[in-house]
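A.B. asks: Quick one: sequence plus predicted model below, questions after.
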Amino acid sequence: MDPVLADAPALAAHVAEWMTDILEARPGPAAVALSGGSTPKLLYGMLAAPPFVDRVPWDRVHWFWGDERFVPQDDERSNYRMTAEAMLGRVNAPPGNIHPVPTEGMSAEEAAARYQITLQAYHGGQTLDPLRPLFDIVLLGLGTNGHTASLFPDTPVLKERTAWAAAVTPKGEPTRITLTYPALESCRHAAFLVAGADKRDVLAQVRTSAVDLPAARYRPTGELHWFADQAAAG
Ligand code: 6PG
């Protein structure tokens, strides 16, 4: 297990350092799959402020989303909106390096298919190769029901091993577009960010694989980190 951080701000600072080190060391273009939800918001704000804002090689980092709610970009539920407000709208990231999931003017299924094409265009191919990962960094959150990205328990997308993105409609949730396990697992570095006492039980279940939860099935080709704060780690 990685070091347990004192609290959410300490977790965000630790992950900001971890990400920046990786991005600085990576020659050429680097791809990051961003997580939505509330946990990473602090992290995104830190990356957009000193000292990290002066270290991140914004000109060569490409930003993608691990999942997105199928709502307009100005909708308060939009992960793109949250990330733009917290980070990307405050830094010198070239617009061509920002690759939001399309969420308007088409069906959710079409949006997922379009996003797969976007990912394949960046990757320069249509097959995922462990020797040439799609992402340099994948950030993931953990839901209290064990979901990650929009890979929710007992949904068909958990079995998807070909498509890179899919449209899903979890019970009681708006339709979402999620990357699938193959796409999310194709990375050099992956990290779950888990903060808050409400995640204690699910984190323990996932870490011990006591229960077959979507987050516990995640097997990245690269290194996997669990960055948790004291409240979540118990
Ligand atoms: C989303 C996320 C989702 C999130 C978890 C944890 O779009 O909501 O991708 O998987 O990471 O639900 O969310 P919190 O960080 O808000 O607890």
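C.D. replies: Thanks, I have the structure now.

A.B. asks: Is stretch 25-41 in proximity to the ligand?
C.D. replies: Yes. Using CB under 6 Å from any ligand atom, stretch 25-41 comes into contact with the ligand via 35-39. The C-beta positions use only the backbone N, C-alpha and C, and glycine is treated the same way.

A.B. asks: Show me which of these are buried.
C.D. replies: 35-37, 39 (16 or more other CB atoms under 10 Å).

A.B. asks: Export those residues as TSV, with columns for pLDDT.
C.D. replies: Shown next, in TSV, are those (pLDDT from 0 to 100):
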residue	pLDDT
S35	98
G36	96
G37	90
T39	91
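
A.B. asks: And the helix or strand encompassing W18, what's buried?
C.D. replies: Element membership for W18 (DSSP states H and E) is helix 8-25. Neighbour-count burial for helix 8-25 flags 8, 10-16, 18-20, 22-23 (criterion: 16+ other CB under 10 Å).

A.B. asks: Can you tell me which of the residues you listed is closest to the ligand?
C.D. replies: A8 (9.9 Å; CB to the nearest ligand atom).

A.B. asks: Tell me the predicted confidence for R161.
C.D. replies: pLDDT recorded at R161 is 97.

A.B. asks: got a list of what it touches?
C.D. replies: 180-182 (CB atoms under 8 Å, 6 or more residues apart in numbering).

A.B. asks: Kindly write the PyMOL command that selects the buried subset of those.
C.D. replies: This is the PyMOL syntax for the buried subset of the contacts of R161, where burial follows 16+ other CB under 10 Å:
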select buried, resi 180+181+182
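
A.B. asks: Including pLDDT, distance to the ligand and secondary structure, could the contacts of R161 go into a markdown table?
C.D. replies: Output for these, formatted as a markdown table (pLDDT from 0 to 100; distance: CB to the nearest ligand atom, whole Å; DSSP: H, G, I helix; E, B strand; the rest coil):
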| residue | pLDDT | distance to the ligand | secondary structure |
| --- | --- | --- | --- |
| T180 | 98 | 14 | coil |
| Y181 | 98 | 14 | helix |
| P182 | 98 | 17 | helix |
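
A.B. asks: I'd like to know how far whatever residue of the chain ends up closest to the ligand sits from F192.
C.D. replies: As assessed by CB to the nearest ligand atom, the ligand sits closest to G141 within the chain, at 2.0 Å. For G141, the distance to F192 (CB to CB, to the nearest Å) stands at 7 Å.

A.B. asks: More neighbours: which of those two?
C.D. replies: More crowded of G141 and F192, by other CB atoms under 10 Å: F192, with 24 against 21.

A.B. asks: close enough to count as contact, the more buried one and A149?
C.D. replies: No. F192 is not in contact with A149 according to CB atoms under 8 Å; the separation is 10.8 Å.

A.B. asks: shared neighbours of these two, which are they?
C.D. replies: Residues touching both F192 and A149 (CB under 8 Å, 6+ apart): 140-141.

A.B. asks: picking up where we left off before, what touches both of G141 and F192?
C.D. replies: T148.

A.B. asks: circling back: nearest to Y218, of the residues of stretch 25-41 next to the ligand?
C.D. replies: S35 (12.3 Å; CB to CB).

A.B. asks: Now that closest one: closest residue in space, sequence neighbours ignored.
C.D. replies: In space, S35 comes closest to L139 once its chain neighbours are excluded; the distance is 4.3 Å by CB to CB, 6 or more residues apart in numbering.

A.B. asks: Let me know the secondary structure of that neighbour.
C.D. replies: Three-state call for L139 (DSSP: H, G, I helix; E, B strand; the rest coil): strand.

A.B. asks: Write out the residues of this protein neighbouring the ligand.
C.D. replies: Looking at the ligand, the residues of the chain close enough under CB under 6 Å from any ligand atom are 35-39, 67, 79, 141-143, 147-149.
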